[in-house]
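Enquirer: My questions are about this predicted structure, shown below with the sequence.
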Amino acid sequence: MALPAEAQVADDPVLQVRDLSIGFRTPRGPVAALRHVNLDVPRGSIVGVVGESGSGKSSLALAIMGLMAGNAEILGGDIRFSGIDLRRLPPAGLRDLRGRRMTMVFQDPMTSLNPVRAIGRQMIDIQYREQNLSIAQKRGRSADMLRRVGLPDPEQQLDRYCHQFSGGMRQRIAIAMSLLEEPELLIADEPTTALDVTLEAQIIQLLRDLRQEFNTSILFISHNLGVVAELCDYIVVLYAGEVVESGPVREIFYRPAHPYTQALLACDPARLDLVQRELPTIAGDVPNLMRVPTGCVFRPRCPKAFAPCTNVPPPDVALDDVHHARCHLLTDEQDG
Amino acid sequence: MSEIPAGPGFLRLLGQRLRNDPLGLLGLVLVLLVLFCAVFGPSLAPYNPLKLAVLDRFQSPSWTHLFGTDNLGRDVFSRVLAGTRIALGVGGGSIAIALSIGLMLGLVAGYGPRWLDNALLLLFDSVYSFPTVMLGLTVMTLLNPSIGTLVFVIVVIQTPAYSRLIRTATLSIKTSEYILAVRSLGASPPRVLLVHILPNVIGPLFIIASMDIPSVIALEAGLTYLGMGIPPPAPSWGRILQEGFDSIRDAPWIVIAGGIPLIITTLGFTFLGEALRDWLDPRLRRVI
Amino acid sequence: MLIYALQRIGLALLICLTSMCLLFAALHVIPGDPVTLMLGSRATPEMRARLQHEMGFDQPVPVQFARFLGRVAEGDLGTDMWTQRGVTTIVLENLPNTLVLIGAALGWAALVGIPLGCYSAIRRNSWIDRLTAILAVGTISIPSFVVAIYALLLFAVELNWFPVIGAGDAGDFGDQIWHLVLPSFAVGLGWVGYLARIVRASMLEVMGEHHIRTARAFGLGEAKIVFHYALRIAILPTVTLLALAIGGLLSSAVFAENIFARPGIGKLIVDAANFRNFPVVQGAVLTTVALFALAMPIADLLVAWLDPRVRSTF
């Protein structure tokens, strides 16, 4: 995804992923989880990664943070964070970046916080790199951050344990922890999936406000189009490990170019114009990534598939500077 | 249409497993060795294990007496071989009996009325709260030591654990839908228990019980060592150890000979048991 | 918290009570009568009558049991037939020795086993991990009395590094430690492997949980994660399992005390059993049952206190 002209002048992207491919070694064979993924997060923007289960979005997030499981390996490509090549960084260097310049909020607030350590202690632990601050000062910073995310009575809360908080509050705490060191990039992996709708709205609003306040760039991963539409500036659509379309949010929503994106939007119940008997669906299943189909990965489920789709992988077509999609249909249209 | 590729066949899987698990293979070899000695040992023994030959007492190991002779001139090697039959017989037999009783009690406790369950549980826990050897010693004090009473002791010690296992499994199956379905079709409680519940709870029991073989054999040997097990002159390994211990300074080969079969047997059954359990049902991985 | 504690201890006492019933019933249910059991078949009628009267066997069974319970409640565990001393006194003389032995055994097992288990979990499939796994299974399955005998043979008889018998001179701490080495080694060896295995399993489970991944995401150092985040959680089930270990330790102590001729509950019971001295056997065994039965609720309470998730529900 190329950058819009204004962004290129202003700043380097905080995250630049080029041609990233990730595979998993399983007892039954290798799984090609991500293939040739390109992604940019311009400084100060919110980029949404949308995909269904199994599309590889969590793998992408974990790969960027260097937190992949033992049987995962990067097969090729580059990940650059503020110009730093993450693949060439030694583990100590990567660890130094984590929690300080790039942080992550995870999907399930019930299991992603340490259950036997008080919240305050965990927040102080995160600040271990601040040699000049005393424990009391670190506590103060932690309480401040809790207040900013909307927790009442933060001083008291520092001594509580996470099982004493509800799911929504735990997620706020997780966000507070992520922003303690004012990172440049916050990766949010489906932070609202486990929460109900009202809580979801609150968290989204919180992220927006905090982005304003700290100028943190956010990589927001979700399967929920509506949330992504509300929050993000750019969208990347992921299907079965490949980026099938990417571009500014308005472009994607009003002029979706890839059949998958079009189908996704058509399926969204909120967007139905007419009262219909049947909800539209996308027929078929996500392909087995141990045997990636030749040609276009979406072809088995694509209502518009035609001859070249079976054998030739579709090229990445630039519809304009920023809006890209991988589809043979677009080349045809361009040609004639 | 996407397809998950089929895995390798059963025999190949078994071969792979054995290759990957050298300990399991070793266990299998040791167990087979012990079984062989139990079955054929007494026929292959060079001497009569009970025959006294006081003139030959305390001979150190040599080609005529592989493990030497003991304080009464008996050939230790022959005694060790004969002891194999005792160890496996008592051990295997007691566990089999404990299994049967434990199964029945467990089914009753799990399926029967609440008060019965509570009463049985209290009984199990009370027996359970006796440290094993203490319980053995207490009962053997009350009864005259013999093979029968020893088997009785082992059964009493082992049954609570098996009953509890079956009880828990029965409890969880009791409320499942297919049991309700069968009951609504008019099946009587014994039928429900024997035909429908029993087959489903019995599997893990065999695996757990087989892993108790080493500790039961050790218990028999231990109690005999303390004088409260199988009475002399039966050549239980515990007996050999006990007699050898009295002359440990002058004839150390006796205790060494007595300990080796115990080590081989317990290691063999444990390695094999672990390998089988890992293979058949990794969920049973209790950490001993 | 208080109610929970009382409930658990109450249950333990109930179990003790049932155990006493069982013992009592066993004594009266066995073929032959208790008097013959204790005196042997060559006792004269006068001796039998005297013993019957002394032990109260001429009373109806329920009365006997009530009297027995009453005496136990007062701390009187009966009278040793041979020496006419109170069983309680005898037990209390011997119990500390056994506790020292068990404590030492568990102590060294924990000191070696827990770090081994931790290391095995962090460096999975390293040679230390594999070696520990094999040795663990091996030492757990080999009977502890065989280990004790071999240790005695090798280190005391052949090499003469350690003493063969006894607990050492009272008052001489160093001598007592010297006498403690081999027995506690023998009793504790199997538990090193046991602890290593459960700590390893527990750690592996905890290290795979999401909150550990979060800690890594915040760039925390591996040492901090292992010791302050993971081990704190992983050690909790270990405490519970250690309570169950008390039973096994007491059993192993019986052998160790016999083999090394150390005074203690184990030796007491075996000697008494060989002489059919039932009151002593009964009293000593009941004491161990009480110890074991109480160890479990105490461990549970300890875990409840250590684990903030449980603590805050009270």
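Expert: Looks like it arrived, so ask away. Numbers count the residues shown, from 1 in each chain, chains lettered A, B, ... in the order given.
Enquirer: what about the nearest residue to A:M110 once chain neighbours are set aside, how many residues close to it?
Expert: Leaving aside its sequence neighbours, A:M110 sits nearest to A:G167 (Cβ to Cβ, 6 or more residues apart in numbering or on different chains; 6.2 Å). All C-beta atoms are positioned from the backbone trio N, CA, C, and that covers glycine. As a burial measure, A:G167 scores 14 neighbours (other Cβ atoms under 10 Å in any protein chain shown).
Enquirer: per-residue confidence for A:G167?
Expert: With respect to pLDDT, A:G167 has a value of 88.
Enquirer: my guess is it contacts A:L199, does it?
Expert: Yes: at 7.3 Å, A:G167 counts as touching A:L199 under the criterion of Cβ atoms under 8 Å.
Enquirer: hmm, back to that, quickly note the distance from the residue nearest to A:M110 to chain B.
Expert: Distance of A:G167 to chain B, given as Cβ to the nearest Cβ, to the nearest Å: 29 Å.
Enquirer: Can you pull the phi/psi pair for that residue?
Expert: The phi/psi pair for A:G167 (degrees, to the nearest 10) reads phi -60, psi -40.
Enquirer: give me the low-pLDDT residue ranges for the chain?
Expert: No chain specified, so I'll use chain A. Within chain A, the stretches with pLDDT under 70 are A:1-11, A:271-276, A:332-336.
Enquirer: that's the wrong chain, I meant chain C
Expert: Along chain C, segments meeting pLDDT under 70 span C:1, C:30-43, C:54-59, C:312-314.
Enquirer: Spell out which parts of it neighbour chain A.
Expert: Within chain C, the positions lying close to chain A (Cβ under 8 Å from any Cβ of the partner chain) are C:209-211, C:213-221, C:224, C:228-229, C:232-233, C:307-309, C:312.
Enquirer: Return the residues of the stretch 51-200 of chain C in contact with chain B.
Expert: Residues of the stretch 51-200 of chain C found near chain B (Cβ under 8 Å from any Cβ) are C:134, C:137-138, C:140-143, C:145-146, C:149-150, C:152-153, C:157-158, C:194, C:197-198.
Enquirer: Can you tell me which residue is spatially central in the chain?
Expert: If you meant another chain, say so; for now it's chain A. Chain A has A:I221 as the residue nearest its centroid, 3.0 Å off, counting by Cα atoms, centre = their mean.
Enquirer: ah, I was thinking of chain B
Expert: Geometric centre of chain B, nearest residue: B:I213, 1.9 Å, by Cα atoms, centre = their mean.
Enquirer: I'd say that one and B:G273 touch.
Expert: Yes: judged on Cβ under 8 Å, B:I213 makes contact with B:G273 at a distance of 7.4 Å.
Enquirer: ok, now which ones touch C:L182?
Expert: The contact partners of C:L182, taken as Cβ atoms under 8 Å, 6 or more residues apart in numbering or on different chains, are C:148, C:151-152, C:155-156, C:162, C:260.
Enquirer: hang on, the earlier thing: who's in contact with whichever strand or helix holds the residue nearest to the centre of chain A?
Expert: Assigned by DSSP states H and E, A:I221 falls within strand A:217-222. If you take Cβ under 8 Å, 6+ apart as the criterion, strand A:217-222 is touched by A:14-15, A:41-50, A:57-58, A:60-61, A:64, A:184-193, A:207, A:211, A:228, A:231-232.
Enquirer: Would you give the sheet partners of it, along with the direction of each?
Expert: Applying DSSP bridges to the sheet, strand A:217-222 is found paired with strand A:46-50 (parallel), strand A:185-189 (parallel).
Enquirer: and after that strand, which helix or strand comes next?
Expert: Going down the chain from strand A:217-222, the next helix or strand is helix A:225-231, by DSSP H and E.
Enquirer: Just the buried positions in that next one, please.
Expert: Using 16 or more other Cβ atoms under 10 Å in any protein chain shown as the test for burial, helix A:225-231 gives A:225, A:227-229, A:231.
Enquirer: before we move on, what about stretch A:306-316?
Expert: Neighbour counts over stretch A:306-316 (16+ other Cβ under 10 Å) mark A:308-309, A:313-314, A:316 as buried.
Enquirer: And for stretch A:194-208?
Expert: With burial defined by 16+ other Cβ under 10 Å, the residues of stretch A:194-208 counted as buried are A:194-195, A:199-200, A:202-204, A:206-207.
Enquirer: out of the strands paired with strand A:217-222, deepest packed?
Expert: Neighbour counts (mean count of other Cβ atoms under 10 Å in any protein chain shown) averaged over each of the strands paired with strand A:217-222 peak at strand A:46-50, with a mean of 26.
Enquirer: hey, C-alpha coordinates of that one in CSV?
Expert: Coordinates of each C-alpha in strand A:46-50 appear next as CSV, following Å, rounded to 0.1, in the frame of the first residue of the first chain:
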residue,chain,number,x,y,z
ILE,A,46,-5.3,4.4,12.5
VAL,A,47,-5.0,1.4,10.1
GLY,A,48,-7.6,-1.3,10.3
VAL,A,49,-6.9,-4.9,9.3
VAL,A,50,-10.1,-6.8,8.5
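Enquirer: Please give the centre-to-centre distance between that strand and its chain.
Expert: 5 Å (Cα atoms, centre = their mean, to the nearest Å).
Enquirer: What is the subsequent helix or strand relative to it?
Expert: Of the helices and strands lying after strand A:46-50 in sequence (DSSP H and E), the nearest is helix A:57-65.
Enquirer: ok, back up a step: and the strands paired with strand A:217-222: which comes nearest B:A119?
Expert: Across the strands paired with strand A:217-222, B:A119 has its closest neighbour in strand A:185-189 (52.4 Å, Cβ to Cβ).
Enquirer: Can you name the residues in contact with the closest one?
Expert: By Cβ under 8 Å, 6+ apart, strand A:185-189 touches A:14-15, A:41, A:57-58, A:61, A:64-65, A:81, A:101-107, A:178-179, A:207, A:216-221.
Enquirer: quick one, it and helix A:57-65 angle?
Expert: Orientation of strand A:185-189 against helix A:57-65 (axes from the mean of the first three to the mean of the last three Cα atoms, to 10 degrees) gives an angle of 150 degrees.
Enquirer: hey, where'd the helices end up in the stretch 1-150 of chain C?
Expert: Secondary structure of the stretch 1-150 of chain C (DSSP state H, counting those that start in this stretch): helices at C:2-29, C:34-39, C:45-55, C:61-73, C:87-122, C:127-141, C:144-151.
Enquirer: Flag every buried residue along the first one.
Expert: The one in question is helix C:2-29. For helix C:2-29, using 16+ other Cβ under 10 Å, the buried residues are C:5, C:8, C:12, C:15-16, C:18-20, C:22-24, C:26-27.
Enquirer: could you measure whichever residue of the stretch 51-200 of chain A sits closest to chain B against C:G208, distance?
Expert: Ranked by Cβ to the nearest Cβ, the top residue of the stretch 51-200 of chain A for proximity to chain B is A:G54, at 11.0 Å. Using Cβ to Cβ, to the nearest Å, A:G54 is found at 21 Å from C:G208.
Enquirer: more neighbours, those two?
Expert: Neighbour count, other Cβ under 10 Å: between A:G54 and C:G208, A:G54 has more, with 17 against 11.
Enquirer: what does stretch A:168-177 contact?
Expert: Contacts to stretch A:168-177, defined as Cβ under 8 Å, 6+ apart, come from residues A:103, A:105-106, A:109-110, A:112-113, A:119, A:122-123, A:126, A:142, A:145-146, A:148-151, A:162, A:165, A:191-192, A:195, A:199, A:202-203, A:206-207, A:210, C:214, C:218.
Enquirer: pretty sure C:R124 contacts C:L204?
Expert: Yes: C:R124 lies in contact with C:L204 (Cβ under 8 Å); the separation is 7.4 Å.
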